[in-house]
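Asks: test case, fold it:
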Amino acid sequence: MKLSHDVLEALLLALPYHNDVINVPEPEPCMAQGVMLNLILLLIFCLSAVDSQFPRVCTTEAAFLTKSCCPLWKDKSPCGSLSGRGRCRNWLTFTGKEVLQNDDRLDWPRHYYENTCECHGNFSGFDCGDCKFGLHGEKCERKKEIVRRELRELTFLEQKRLFSYLALAKTTKSRDFVILSTGDRFHRQTYRFVDASLYDVFVWMHYYSMKAILRNSTFDPNKNFAHQGPVFPGWHRLNLLFLERQIQLMTGDEDFAIPYYDWRGEKNCSICTDDLLGTNDAQGVLNPYSHFSFWKAVCSGFNFPDEYCPLADLEQKMERLHRKPGATPYAPNLPSFQDVENILKLSNFDTPPFNETSLLSFRNALEGFLSPDGVTLRRSMHNLVHIYLGGTMSQIPISSNDPIFIFHHSFVDKIFETWITRYDASPTLYPDNSEVGHGPEDCATPYFPCYKNRDLIHKSMTFGYQYSSFPLK
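Replies: This next block holds a predicted model:
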């Protein structure tokens, strides 16, 4: 019994969308059945293991066996090739890189997909059905530049709209992406895909990229694909752009922009009020009348290196958000105005050995392993804010569950943008290095299409946004 693509697509669309979990066995050939119900059940059962900010359409047995993620666009051609949007390209090349056994994120996404969409011109997306950041319209010819403003710069109605959008993102299941859950990274039979809200997909991308790298069957907790190296500012810039764009698409509001929280010189968390991010009690529990008091933290509770988000589908097992601003003696204060000015004096984007020990490195000082003086290795800047806020934010792998993460990182990106402008920086300043996943030509994990790490050193206007100059005293 052979079914056309259109019939298969119709059957899949007919499945109840509230089926939250797709169990992934070891790949086996699927046998067609004569009974429609059995066929539908088999279509669910035969989805195979692939992972990323995974396009749902690419989690089929055919995509896995052919190592191809080139979905059909509206014109019924792969990557919209008949409409000139893109083409399906084989990216398999010999890179000469160290071979890391077992780590599925290496040389992203070639562990799973050798063929993905290469989009032409202004088109983008895993199927070339979207536009590059900052572009809109059917032909992606309409430019729009949004302004990211300080959270307290927003009017009351703008703040309410922001929080309603975040609530919608937290409760709306993503129709395009699924997330990976495993009981054991060494055993593929434990892999399964789980439906998640749009916001939780965003959270999972950070969590997944931060998991320890697996080097020849040994975990290295000091290495990951989003931190402790040159990739840090660009990876988080892309992470915010993903969420911002998905909320624009979800709400139809092309003007939506992620605000920032300017924490320079603050004596306490001034946005931790019940009108904004929420107050908390001595145990760190958020006020039940605040916006995010009942949010659950996806991938919380179990932070073992050999698992990926094992309880992603069990909300009752997830922790609620917690926050304890200023409660730890290790971070009694937030960074100062002078701290920010000092790191902006560091003209080197990054320096050898391109990790948390790099000196005179703007990236390492911004990330916060290096003092703003450029020579003293101690917690500062980005890291210091995470520690100061405490609770969920201090658990870095799952920290993006707390929406204060996006406002904090938006300000980190503003500092990055100030540095880019001051030194007229370009992709040529991204250093050659041997850090796994941090090379200039490496694709940022786990994004579709491929965004090379070096290409994220551009002025923000390249991506369709800029920052306000909201002054704080």
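
Asks: and the strands in the stretch 51-200 of the chain, which stretches?
Replies: All strands of the stretch 51-200 of the chain, identified by DSSP state E, counting those that start in this stretch, fall at 54-55, 68-69, 86-90, 115-119, 123-124, 130-131, 135-136, 142-143, 146-148, 177-181, 192-194.

Asks: any weak-confidence spans in this structure?
Replies: The model of the chain has pLDDT under 70 over residues 1-53, 93-101, 302, 312-313, 316, 470-473.

Asks: still on that earlier bit, from the strands of the stretch 51-200 of the chain, which stretch is densest packed?
Replies: Neighbour counts (mean count of other C-beta atoms under 10 Å) averaged over each of the strands of the stretch 51-200 of the chain peak at strand 177-181, with a mean of 27. Heads up, the C-betas are built off the backbone N, CA and C, glycines and all.

Asks: show me how far that one is from its chain's centre.
Replies: Between the centre of strand 177-181 and the centre of its chain there are 12 Å (C-alpha atoms, centre = their mean, to the nearest Å).

Asks: repeat that for stretch 415-428.
Replies: 22 Å.

Asks: now the end-to-end length of that stretch.
Replies: Terminal residues of stretch 415-428 are spaced 19 Å apart (C-alpha to C-alpha, to the nearest Å).

Asks: in it, what's buried?
Replies: 415-417, 419-420, 425 (16 or more other C-beta atoms under 10 Å).

Asks: closest one to residue 399 among the strands of the stretch 51-200 of the chain?
Replies: Nearest to residue 399, of all these, is strand 177-181, at 16.8 Å by C-beta to C-beta.

Asks: what pairs with the closest one, parallel or antiparallel?
Replies: strand 54-55 (antiparallel), strand 192-194 (antiparallel) (DSSP bridges).

Asks: same list, those, but as JSON lines with distance to residue 375 please.
Replies: Below are these laid out as JSON lines (distance: least, C-beta to C-beta, whole Å):
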{"stretch": "strand 54-55", "distance to residue 375": "42"}
{"stretch": "strand 192-194", "distance to residue 375": "45"}
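
Asks: nearest to residue 237 among the buried residues of stretch 415-428?
Replies: Looking across those and measuring by C-beta to C-beta, the closest to residue 237 is residue 416, at 6.8 Å.

Asks: which residues touch that closest one?
Replies: When contacts are counted by C-beta atoms under 8 Å, 6 or more residues apart in numbering, residue 416 touches 233, 237, 366.

Asks: distance to residue 315 added to the residues you listed, as a markdown table?
Replies: Shown next, in a markdown table, are the contacts of residue 416 (distance: C-beta to C-beta, whole Å):
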| residue | distance to residue 315 |
| --- | --- |
| 233 | 33 |
| 237 | 30 |
| 366 | 35 |
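
Asks: helices along the stretch 201-350 of the chain, start to end?
Replies: 232-251, 337-343 (DSSP state H, counting those that start in this stretch).

Asks: buried deepest among those, which one?
Replies: helix 232-251 (a mean of 21).

Asks: return the list of helices and strands in contact with that one.
Replies: helix 156-171, helix 198-210, helix 362-367, helix 404-422 (3 or more C-beta pairs under 8 Å, 6 or more residues apart in numbering; DSSP states H and E).

Asks: find the nearest non-adjacent residue to residue 436, please.
Replies: residue 213 (5.8 Å; C-beta to C-beta, 6 or more residues apart in numbering).

Asks: how many residues are close by the one you found?
Replies: 21 (other C-beta atoms under 10 Å).

Asks: surely it meets residue 227?
Replies: No - with contacts counted by C-beta atoms under 8 Å, residue 213 stays clear of residue 227, the gap being 11.3 Å.

Asks: rewinding a little: would you tell me which one of the buried residues of stretch 415-428 comes nearest to residue 445?
Replies: residue 416 (19.2 Å).

Asks: residue contacts, the closest residue to residue 319 other than its chain neighbours?
Replies: Excluding its sequence neighbours, the residue lying closest to residue 319 (C-beta to C-beta, 6+ apart) is residue 300, at 4.1 Å. Neighbour list for residue 300: 318-319, 392, 395, 398, 401 [criterion: C-beta under 8 Å, 6+ apart].

Asks: just send these back as TSV, with neighbour count and distance to residue 336 too.
Replies: Converted to TSV, the contacts of residue 300 look like this (neighbours: other C-beta atoms under 10 Å; distance: C-beta to C-beta, whole Å):
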residue	neighbour count	distance to residue 336
318	20	36
319	16	32
392	27	25
395	18	25
398	25	28
401	30	28
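
Asks: picking that back up, partners of the residue nearest to residue 436 in the sheet?
Replies: With DSSP bridges as the rule, residue 213 is bridged to residue 220.

Asks: against residue 236, how distant is it?
Replies: 18 Å (C-beta to C-beta, to the nearest Å).

Asks: ok, residue 219 - contacts?
Replies: So residue 219 contacts 212-213, 305-306 (C-beta under 8 Å, 6+ apart).

Asks: and the residues you listed, which two are furthest apart?
Replies: 213 and 306 (12.5 Å).

Asks: all strands in the stretch 301-450 of the chain, in order from the N-terminus.
Replies: Using DSSP E, counting those that start in this stretch, strands in the stretch 301-450 of the chain cover 319-320.

Asks: now, which of the contacts of residue 416 sits nearest residue 154?
Replies: When the contacts of residue 416 are compared against residue 154 (criterion: C-beta to C-beta), the nearest one is residue 237, at 21.4 Å.

Asks: so what's the residue count around residue 212?
Replies: So residue 212, with other C-beta under 10 Å, has 18 neighbours.
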